[in-house]
Each structure stands twice: as C-alpha cells, then as structure tokens.
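predicted structure and sequence below. I'll ask about it afterward.
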2 protein chains.
Amino acid sequence: MITRTPLRDQVYQAVLTRIYRGDLPPARRVRDTDLAAQLGVSRTPVREALLRLSREGVLEADMGRGFSVRPLDATEMRESGAILSTLERLALDLSGDIPPERLARLGEIDRELAATRGDVDRCIDLDEEWHRTLLEGCPNLRLRAMISTLWQVPRRYMRAFLREAGRVSLSTQHHARIVEALRRNDREAAMQRFSHHWQRGIEELGAWIER
Amino acid sequence: MITRTPLRDQVYQAVLTRIYRGDLPPARRVRDTDLAAQLGVSRTPVREALLRLSREGVLEADMGRGFSVRPLDATEMRESGAILSTLERLALDLSGDIPPERLARLGEIDRELAATRGDVDRCIDLDEEWHRTLLEGCPNLRLRAMISTLWQVPRRYMRAFLREAGRVSLSTQHHARIVEALRRNDREAAMQRFSHHWQRGIEELGAWIER
DNA sequence: GCAGTGAATATTGTATACAGAATACCGACC
DNA sequence: GGTCGGTATTCTGTATACAATATTCACTGC
C-alpha cells in the first residue's frame, strides 16, 4: 500500500518541528514566503499548513498581517489544560479495563522518563507517550484524534518550562500512583489521581509563565 | 470598527449553509471548481474553506480525489456527542451562578422552541441558542470556541432527523427541568439533568440513523 | 450483450502571477 | 533631534496557470 501524503501535511510537521526546536520562538512572525523557500515548495501548501496551525492555536493569524507564533500565555495554557484534562478523563472513563500488558508498558515508560536527564525533547515525548498509551484502549476514535491535536498546546509550554526551569521530571510519581490504582482495579481512585495529576501540572506551568 | 473578513471565512459559511439547506446531501462530491464558479471567487479561498471543513468533520478529503460531504454515520454522531456533552458539562461547571436574567432568557427561548412547529431550521437555531445562552457565562473562551465548532456535527444530524422524522420539538421539557434546577441553585441536579438531556438526545439520533 | 482497454476529459494538488494593503525608509519641517 | 508625511518596498490574500492523476466513455474483442 503506497501512500501519497499532501505537501501541506509535511509542511505542517516541519513547522511544528521548527517551533519545538526553538527556531521559531513565540511572537516571531512566520512568513509563508520564507518557509516556502526553505522547504522548497510553493506558498500554497505552506499557507494551508499555517492556516491549520492557527486554527489549532499554535499560530496567530491577523488579517492582512500574516502569521506569527502565538506567545506563551498563562490563560491560554490554563484554558487548554482544562479542556484536555476533561477529555482525557473522558477517554480513560470510556476505556474498558486496562490489560496488564499495557499497565506494564506504562510502568516501563515511566521508569525511562524518570531515568532521562537533560534531554527535554525525549522527556516530553515520553510523557506524551505515557498518556497516549494509557488511553489507547478508548474506542472513541474521534476523541483520541482530538486529544492528540490538543496536545500541541501544552507541549509548547512544557518544552519552554523544562528548558528554562531545568526541571526535567514532570511528576513521574503521579504516573506511578495512577498505574498503581489501575492495577488494583480501583477506577475511582485512578480517575481522581489522574485529575490531580493534570491539575498540578497546569498549576505548575501556569505559575511559571507568570513568573 | 471596520472589519475585513477573508474570503475563506465567507466561503466556509456559504458551504455550511448549502449543506444545511440540503443542496449538498451526504456523500455528494464537492468540487472546488464548481463552488468557486458559483460563489464568484477563485479556487484558493474555496480550498482553504474545504480543508477546514474536512478537519472539522463535515467533509471528507481523499488525497487526489477531492472532497465530499461526509455521510451520516451513527458512530461519528455518538463519538461527537460524547465529546460535546462532556465539554458542555465542563463549561456549565466553570460558569459561575447563572444570573436570573439569563435564566429568564432561557425560559423564553424554550417557550419559543416549544411553540415553533414545522420550521426545522428555526428549531435547530433555537436549540443551539439555548445551549449557547446557558454557557455564555463560562470564562474559558477557548472552550466556548471549541464547543461552537463541534456543534457543526450534531447539527447536521438533528437537521436530517427533524426533516425526516417530522418530530420538531427536541425535548423542551428537558430544558425546562434543567432551568428549574438552576433556579433552585441546585447545581448537582442541574448537571445531572444536563447529562441526561445529552444522553437521550444522542441515543434518539443514533437509533434513528440505524433505522 | 458485456468486460476490458485506451484515449479524451475533468479535476485535483501545486506553482506562479498579480493587486492591494501594511511596513519600512527617508527627507522635510518644527 | 524628533516627528510628520510621502514614497518604495515587502508581504499578504486572491487569482490564474500548469502538471499529474482520476474519471469517463467510446471502441474492440469475445
């Protein structure tokens, strides 16, 4: 099965990568012309990708003034966090029992996360993978897709936070306690701890932004 | 304050209108060329609007085969319904106390909804206005925007349902009971009734689609 | 009559071109 | 020296052009 992926999707990924690598810091203007030249494509697919990114909250689009990387803003972070937290709780709720195999995998990811020092990108990837693994049993595919899209926002904040604050581990002990509750099949406690995990994370990031 | 709105936004609205009016029935192919000609604009803003609509779930986009109106599908409806229900509950939860003035407005909308017979479009508008009014105190603007976008999906199903099934009133008595609980300041009961309202609606539409 | 093949056409995805708005530059005046 | 006004340039939003892929449809062979 061969697949042709539209240029706009590749551009989309490329822009995200540049933002995450720090090549495009917050508030930096993003000129479609420049990107098109750098990526060796025309403006059309670039603009399609930028429009998508601005609908997803990564970029801002002012009519007639083009695109810019959305500045980090505590309010936006808290708002997105509240939404994502709620949707992930729903996804966990819709997931049936988590099979032991997956619980083991969660523990493994968490251990690796705890052991990772200094590599911010790897850290964030692992954290997100932990969440994705936790929810991969959720049968609501649209919900999973939406969660995946929404992660764009907190990821930016986590990256900035970890870079500047130097702290690397984002509460791996929270993860462990959630998994522990799931092992005991105590959905109630797991859900509560999951909520708490989210709330603490949002608060921590929010407070840091308003430093 | 004058505002220039991009053509893509106007096209976006125009396409939605055509879909809701039934000019573009489910599974109908949507050719950007045709739309561009009909609307008197070029393909560029049309494609931008179509790409957005396909990301929002109203259209399907197959690489190389263009766009088509997504067929009605019970699974999609249930999935979107679960998400929207959860997010609206969150929004209600985040709203502070609903001022009496707004409660009165809710009652008024509901009475008008109950009195409307036969006009499907007006019905749906009123139902959505009821929900929007209920949640207009929610301070999480991003959440409000997301809810507003997500309504695209159930609206299509409600429209088809009301058209074919002939039933017009979508549980105005549910609305009344929710408002009643809010009047008593019984958040708990209001939330529960709100959940129930959503669940019933989703079930009803889902069962009808699988008729 | 019907399946299969191939040319003709239509339509998409991408590239380029163009017009108007926004920004930068620059000199004149206070 | 700083500020205002005007022009030049850049950049955006939209239109058009082009190349490659899908689709259509007539024709051939069975």
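Nice, thanks for sending it over.

contacting residues for the residue nearest to A:Ala165 when sequence neighbours are not counted?
Spatially, and ignoring its direct neighbours in sequence, A:Ala165 is nearest to A:Trp208 (6.1 Å; C-beta to C-beta, 6 or more residues apart in numbering or on different chains). Quick note: C-beta positions are derived from backbone N, CA and C, even for glycine. Applying C-beta atoms under 8 Å, 6 or more residues apart in numbering or on different chains to A:Trp208 gives the contacts A:161, A:164-165.

nearest to B:Gln13, of these?
A:Phe161 (38.8 Å; C-beta to C-beta).

any buried residues in the host helix or strand of the closest one, and which?
Assigned by DSSP states H and E, A:Phe161 belongs to helix A:152-165. Neighbour counts over helix A:152-165 (16 or more other C-beta atoms under 10 Å in any protein chain shown) mark A:152-162 as buried.

what does stretch A:41-53 give?
Buried residues in stretch A:41-53, defined by neighbour count with 16+ other C-beta under 10 Å: A:41, A:44-53.

related to what we said a few turns ago, can you give me the distance of the residue nearest to A:Ala165 to DNA strand D?
To DNA strand D, A:Trp208 is 31 Å away according to C-beta to the nearest atom of the strand, to the nearest Å.

enumerate the residues of chain A near DNA strand C.
Contacts of chain A with DNA strand C, taken as C-beta under 7 Å from any atom of the strand, map to A:6-8, A:41-45, A:48, A:64-65.

make TSV from those and add pLDDT and distance to chain B to it.
TSV is the format used below for the residues of chain A next to DNA strand C (pLDDT from 0 to 100; distance: C-beta to the nearest C-beta, whole Å):
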residue	pLDDT	distance to chain B
A:Pro6	93	6
A:Leu7	95	11
A:Arg8	95	8
A:Val41	96	16
A:Ser42	96	12
A:Arg43	96	10
A:Thr44	96	8
A:Pro45	96	11
A:Glu48	96	6
A:Gly64	88	7
A:Arg65	92	11
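
quick check, nearest of these to B:Asp127?
Using C-beta to C-beta, the residues of chain A next to DNA strand C come closest to B:Asp127 at A:Glu48, 33.7 Å.

ok, the nearest residue to that closest one once chain neighbours are set aside to A:Ala49 distance?
Leaving aside its chain neighbours, A:Glu48 sits nearest to A:Arg8 (4.0 Å; criterion: C-beta to C-beta, 6+ apart). From A:Arg8 over to A:Ala49 the distance is 5 Å, taken as C-beta to C-beta, to the nearest Å.

what of A:Arg193?
For A:Arg193, the distance to A:Ala49 - C-beta to C-beta - is 38 Å.
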